[in-house]
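Peer 1: can't give you the sequence, but here's the structure:
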């Protein structure tokens, strides 16, 4: 049994499987006699106070503002590594996934606005279908094992990372409000201190962690979403070191990855995917928020990724990776329609102060659109990928 458990956690697909289980459990609890206990658990007040500093939030917001800041720290570390020495380290490597990601963010937003433009209650959710859930998407890809060419996996990873950068910018520009100048000044001081540490060659993680905590508190109190503190911290932590030294950035990325995959993301999904279906029917999918998110993910995402990729190649601004064809790129474009945790996260920001049913409709669209995209992409890929014969 112990061997089987270790084998499960070593598989790439295990993160996606845990996400699905967390969503399923949340849905079951939210639509059972235990719904009151489930909601009560999420509403549990958690307070941290030190002198005049008081952070008092329900457990749900500690997950969304706190644990997700660690997830965005991991994203930041991955983005920095890819920019410095990976799939985004040169123009030739980054061109195709960059164009694909831009199209993959623009078209879903346009599809959503096509159903919600002029609707003040729902149009703020335009960015919901623009996000790709990298963990879930890679989990689906991992189900196909060695049949997936390395170049295709790198393309998806690079596209998803650029997509994450876009989401970070969107959150900073469009989902931050009521800014506190004092808090922003403190945040700027914390960032400047970390940059100085980096330039001075400090490789110990402890001072970065302490300043990162200060930065998170300042950003939390500033009105900018707290998860962005994780990204800024990641870019301040040193990546390149002298020969023989261990890279702090690589060490932290390696350490955070299992926590993110097996605890943070499943817990976030469990806390945010508990959609009560009471009063809902198939007609609920025709609501503007539901339809906009669902079709944004299912149609807008692949259309944008594929069209912008094709135009970039046709105009000779980019080239297809060696050994990859357009049928495989098309299947990956559909797989990018798996929004899941990232889309649900943006939903929590977009409709934080709106009527509950608006957010619920958006979550319904996210769940349906993501599951359909994952299913279609899996069977499409299984048809277009080469068969690997066992020796």
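Peer 2: In hand now; what should we look at? Computed from a predicted structure; not experimentally measured.

Peer 1: Counting by contacts, list what the longest helix along the chain packs against.
Peer 2: Counting by DSSP state H, the longest helix found in the chain is helix 356-384. Counting contacts by 3 or more Cβ pairs under 8 Å, 6 or more residues apart in numbering; DSSP states H and E, helix 356-384 is packed against helix 134-142, helix 288-295, helix 326-335, helix 340-350. Backbone N, C-alpha and C define where each C-beta goes, glycine included.

Peer 1: Just give the nearest non-adjacent residue to the most centrally placed residue in the chain, would you?
Peer 2: Centroid check for the chain by Cα atoms, centre = their mean gives residue 342 as the closest residue, at 3.9 Å. Once flanking residues are discounted, residue 342 sits nearest to residue 131: 3.5 Å by Cβ to Cβ, 6 or more residues apart in numbering.

Peer 1: Provide a list of residues in contact with that neighbour.
Peer 2: Contact analysis of residue 131 by Cβ atoms under 8 Å, 6 or more residues apart in numbering lists 163, 167, 339, 342, 343, 345, 346.

Peer 1: among these, which two are most distant?
Peer 2: 163 and 345 (13.2 Å; Cβ to Cβ).

Peer 1: Would you map the helices across the stretch 1-150 of the chain?
Peer 2: Remark: helices assigned in the stretch 1-150 of the chain by DSSP state H, counting those that start in this stretch are 2-10, 14-30, 35-42, 59-62, 68-85, 91-116, 134-142, 150-174.

Peer 1: For the longest one, enumerate the helices and strands it packs against.
Peer 2: So that's helix 91-116. Applying 3+ Cβ pairs under 8 Å, 6+ apart, we find helix 91-116 packed against helix 150-174, helix 288-295, helix 301-314.

Peer 1: that older thread, figure out which of the helices of the stretch 1-150 of the chain is closest to residue 301.
Peer 2: helix 91-116 (5.0 Å).

Peer 1: can you pull the buried residues of the closest one?
Peer 2: For helix 91-116, burial by neighbour count (16 or more other Cβ atoms under 10 Å) applies to 93-113, 115-116.

Peer 1: Now tell me which of the helices and strands packed on helix 356-384 the model trusts least on average.
Peer 2: The stretch with the lowest mean pLDDT among the helices and strands packed on helix 356-384 is helix 134-142, at a mean of 76.

Peer 1: Can you tell me what sits against that helix?
Peer 2: With Cβ under 8 Å, 6+ apart, helix 134-142 has contacts from 11-17, 19, 148, 153, 156-157, 160-161, 163-164, 260-261, 265, 335-336, 338, 340-342, 370, 374, 377-378, 381.

Peer 1: Distance to residue 229 added to the helices and strands packed on helix 356-384, as CSV?
Peer 2: Compiled in CSV, the helices and strands packed on helix 356-384 are given as follows (distance: least, Cβ to Cβ, whole Å):
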stretch, distance to residue 229
helix 134-142, 20
helix 288-295, 27
helix 326-335, 30
helix 340-350, 15
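
Peer 1: if you compare those helices, which one is most tucked away?
Peer 2: Scoring the helices and strands packed on helix 356-384 by mean neighbour count under mean count of other Cβ atoms under 10 Å gives helix 288-295 as the most buried, with a mean of 28.

Peer 1: From the rest of the structure, what touches that one?
Peer 2: 111-116, 119, 122, 125, 128-129, 284-285, 339, 343, 358, 361-362, 364-366, 368-369, 372.

Peer 1: now the angle from that helix to helix 301-314?
Peer 2: 40 degrees (axes from the mean of the first three to the mean of the last three Cα atoms, to 10 degrees).

Peer 1: Tell me which of the helices of the stretch 1-150 of the chain lies nearest to residue 351.
Peer 2: Comparing those by Cβ to Cβ, helix 91-116 comes nearest, at 11.9 Å.

Peer 1: Report the inter-axis angle for the closest one versus helix 340-350.
Peer 2: Going by the same axes, to 10 degrees, helix 91-116 makes 50 degrees with helix 340-350.

Peer 1: Average pLDDT for helix 91-116, rounded please.
Peer 2: 92.

Peer 1: what are the ranges of the helices in the stretch 151-300 of the chain?
Peer 2: Using DSSP H, counting those that start in this stretch, helices in the stretch 151-300 of the chain cover 181-199, 205-222, 228-236, 248-259, 265-272, 288-295.

Peer 1: so how far is the third one off the chain centroid?
Peer 2: On the basis of Cα atoms, centre = their mean, to the nearest Å, helix 228-236 is displaced by 15 Å from the centre of the chain it belongs to.

Peer 1: What of the first one?
Peer 2: On the basis of Cα atoms, centre = their mean, the separation between the geometric centre of helix 181-199 and that of its chain is 26 Å.
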